[in-house]
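Undergrad: output the structure for:
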Amino acid sequence: MKIKPISNHILIEPVKEEEKTKAGILLPDTAEKERPEQGKVVAVGPGKKDKKGNFTPLEIKKGDKVLFTKYGPSEIKVGDKEYLIAKEEDILAIIIE
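TA: Numbers count the residues shown, from 1 in each chain. Next up is the predicted model:
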């Protein structure tokens, strides 16, 4: 199944950070974890329509690594993979490494 975002929506693959405490202890997968706040953009919609019906393109593009609001995006599952769908407004920044 393929997913193509519409309007100003963005499909994000969350980046799972290695769970390690400050002391260097690795946390098991069964430990309670926070929802990720970073991810890689998998697909973007065409943008939002203005009053004249023209699309305003998104600043975000496929392949960008982004920082987003913790509880803004909606979670979806496609097969055995988990994704997030967010509006452009939920994206806080593009991470440049």
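
Undergrad: tally of neighbours for the residue nearest to Gly72 when sequence neighbours are not counted?
TA: In space, and not counting its chain neighbours, Gly72 is closest to Asp90: 3.4 Å by CB to CB, 6 or more residues apart in numbering. Using the backbone N, CA and C atoms, a C-beta is placed for each residue, glycine as well. Asp90: 20 surrounding residues under other CB atoms under 10 Å.

Undergrad: quick one: contacts for Asp90?
TA: Asp90 makes contacts with Phe68, Thr69, Gly72, Pro73, as judged by CB atoms under 8 Å, 6 or more residues apart in numbering.

Undergrad: so where is the chain shaky, pLDDT-wise?
TA: Applying pLDDT under 70 to the chain flags the ranges 17-36.

Undergrad: where exactly do the strands run in it?
TA: 9-14, 38-44, 48-49, 55-56, 65-68, 74-78, 81-87, 91-95 (DSSP state E).

Undergrad: tell me the most buried of these?
TA: strand 9-14 (a mean of 22; mean count of other CB atoms under 10 Å).

Undergrad: which other helices and strands does that strand contact?
TA: If you count contacts as 3 or more CB pairs under 8 Å, 6 or more residues apart in numbering; DSSP states H and E, strand 9-14 packs onto strand 38-44, strand 65-68, strand 81-87.

Undergrad: tell me the angle the first one makes with strand 91-95.
TA: For strand 38-44 and strand 91-95, the angle between their directions (axes from the mean of the first three to the mean of the last three CA atoms, to 10 degrees) works out to 100 degrees.

Undergrad: over to the last one?
TA: Computed with the same axes, to 10 degrees, the direction of strand 81-87 lies at 120 degrees from that of strand 91-95.
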